[in-house]
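In: whatever this is, show me its structure:
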Amino acid sequence: MLEPTKIVKEALSKRTLGSSPAGQTGTSQAAQRAAGASTANKSAESNARPQTTGPRRAASDPPEPSKEKVGALMKGLQSWGTDEATLSEQAEREQAAENEALSDLDQYGDLFDNPGGGRRDGIISTNDLKAFSEGNFNRDAAREQLLDLGVAEDDLDATLDRLGQSARYLLDNKDVLNRLDVANDQRDRTDGRISRGDISREVFQRQLEQARNGDLPPGPPASNRGSYEPTVTTSNSERTPEVIAQQELAILEAVNSGQPVSFTNANGQTEELTVRQIQNTGGNAVYEITGADGHTMRIESELGASENRTALARLADYYTQLPEQHRDSVDKIEFRREPDDSAAARFYSSGDRIVFYDGLKHLNEEVFDHEFAHGIGYENDGLGENVFHYFGRLFTGSDGEGTPQGWSEAIGADAGERISDYANTNEKEDFAECWAAYMEAMDNGPEALAKLEEAYPARYAIMDELYHGGE
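Out: Predicted coordinates for the structure are as follows:
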């Protein structure tokens, strides 16, 4: 959790030291009562002689305040800065405002990013916050963005007003703003630029405490079936909310500690994983996942921290189910906020990377296994991976590119229709669809595997050998 902001610290200090509003050291209520009792005891002794406890007043000195005024002033001072209930409430309000501002940055960061127009770059500057707090943005466009993010139409204006308040809060509380500014900065110095990585780092620290206390609701389950409809359909193993919560806690522990953690996937397999957030000054949040095989996969995300937590937990679940010898087939995974009208996700062989579009909408086990299969296909097609081979593939359309050796012959040997409609696109898609079906059958046990082998014996033999690595 973040430390209390400056105003809260000052209030707590006043309560502890009994400070007056002017910053002078005063006395507590208990001390004042004790002093009053002591004075009363001494009054009998000094009743017969005049009091000379202070200097004589000159005629030009201002008049002394009345006893009523002094009493009222002391009562006000005692209630100001020393009442524990009042200070506690003040601290809670301050912390709530800070939490809300950070939550709004995380959930609606794109609205703060260049609100006056222009391309979003993942950086929220002080000027961006100032423009938003002053209402210098296209309100109709912002309303459309909120609708796309799932805000009800009746709540649009109230949400925009609250976001303006959050922007003003950050501008008025420089200690909070500066701490957020450097949360994930390599240079560890304020520059008036808050990145997605800064926000994610700060949110992950808070969410770890919530998860440890059981107060953090788990992320949503994946929609695993989607549009994937293989000829051989089995019952996919979906993660329960309890499993999701355990996995997300492990991810938060790993990211915040930088140390390996035990991660248990949906199949009950436990593996030591290291999940780190990489310091960077760019807009995106960047993470690395390293498994027992030693291969490190890089994740770059345009999404908010809570979405990143869900994405990392899903990726770790799917990644640890892959055979270790094939994990280096993909080096990088990217998450883009915007949809792609022609694809849910794409594999790019030139960089061994997978790009998921439209946030987390298409991140499920089938799509992951399908796209990862493209990497496995290119790694095992026997055509080479260097730049000369790449251009050779590009201009010659090499037979068998992106599929394991012998795949073309296996397609010819297996009778019947292809495993899905999309598998008819080309041989690479046929392999990717078959591999996704094979991984699903692995989740569901011997009966599901036997069903797949019976339908596609030649293809099954290649996939089984790839999975087991010639064991």
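In: return the distance of F137 relative to R336.
Out: According to Cβ to Cβ, to the nearest Å, F137 and R336 sit 23 Å apart. (Each C-beta comes from the backbone N, C-alpha and C, glycine too.)
In: out of those two, which sits in the busier spot?
Out: Between F137 and R336, F137 has the larger neighbour count (other Cβ atoms under 10 Å), namely 20 against 17.
In: secondary structure class for the more buried one?
Out: Assigned state for F137: coil (three-state reduction, DSSP: H, G, I helix; E, B strand; the rest coil).
In: grab the nearest non-local neighbour of it.
Out: Spatially, and ignoring its direct neighbours in sequence, F137 is nearest to P115 (3.6 Å; Cβ to Cβ, 6 or more residues apart in numbering).
In: you'd agree the one you found is up against D128?
Out: Yes: using Cβ atoms under 8 Å, P115 makes contact with D128 at a distance of 6.0 Å.
In: show me which of these two is the more surrounded one.
Out: P115 (26 against 22).
In: got a list of what that one touches?
Out: Each residue near P115 by Cβ atoms under 8 Å, 6 or more residues apart in numbering is listed here: 128, 131-132, 136-138, 142.
In: wait, a strand at it?
Out: No: checked against three-state DSSP, P115 lies outside a strand; its state is coil.
In: count residues in the vicinity of N364, would you?
Out: 23.
In: ok, back up a step: got the contacts of P115 as CSV, with distance to D421 columns?
Out: Output for the contacts of P115, formatted as CSV (distance: Cβ to Cβ, whole Å):
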residue, distance to D421
D128, 46
A131, 49
F132, 46
N136, 50
F137, 44
N138, 42
A142, 40
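In: select, from those residues, the two members most distant in space.
Out: Within those, D128 and N138 form the most distant pair, 13.7 Å apart (Cβ to Cβ).
In: show me where pLDDT drops low in the stretch 101-250 of the chain?
Out: The model of the stretch 101-250 of the chain has pLDDT under 70 over residues 224-238.
In: go again using 90 as the cut-off
Out: Within the stretch 101-250 of the chain, the ranges that satisfy pLDDT under 90 run 116-121, 148-150, 184-191, 221-240.
In: residue contacts, the residue sitting nearest the centre point of the chain?
Out: Geometric centre of the chain, nearest residue: A305, 1.7 Å, by Cα atoms, centre = their mean. Contact partners of A305, counting by Cβ under 8 Å, 6+ apart, are 106, 199-200, 202-204, 207, 285.
In: gap between it and G109?
Out: Counting by Cβ to Cβ - A305 and G109 are separated by 9 Å.
In: per-domain residue ranges of the protein.
Out: 86-181, 241-468 (automatic domain parsing).
In: of these, flag the one that's most buried.
Out: Most buried of those by mean neighbour count (mean count of other Cβ atoms under 10 Å) is domain 241-468; its value is a mean of 18.
In: start to end distance for it?
Out: Counting by Cα to Cα, to the nearest Å, you get 31 Å between the two ends of domain 241-468.
In: no more questions from me, cheers.
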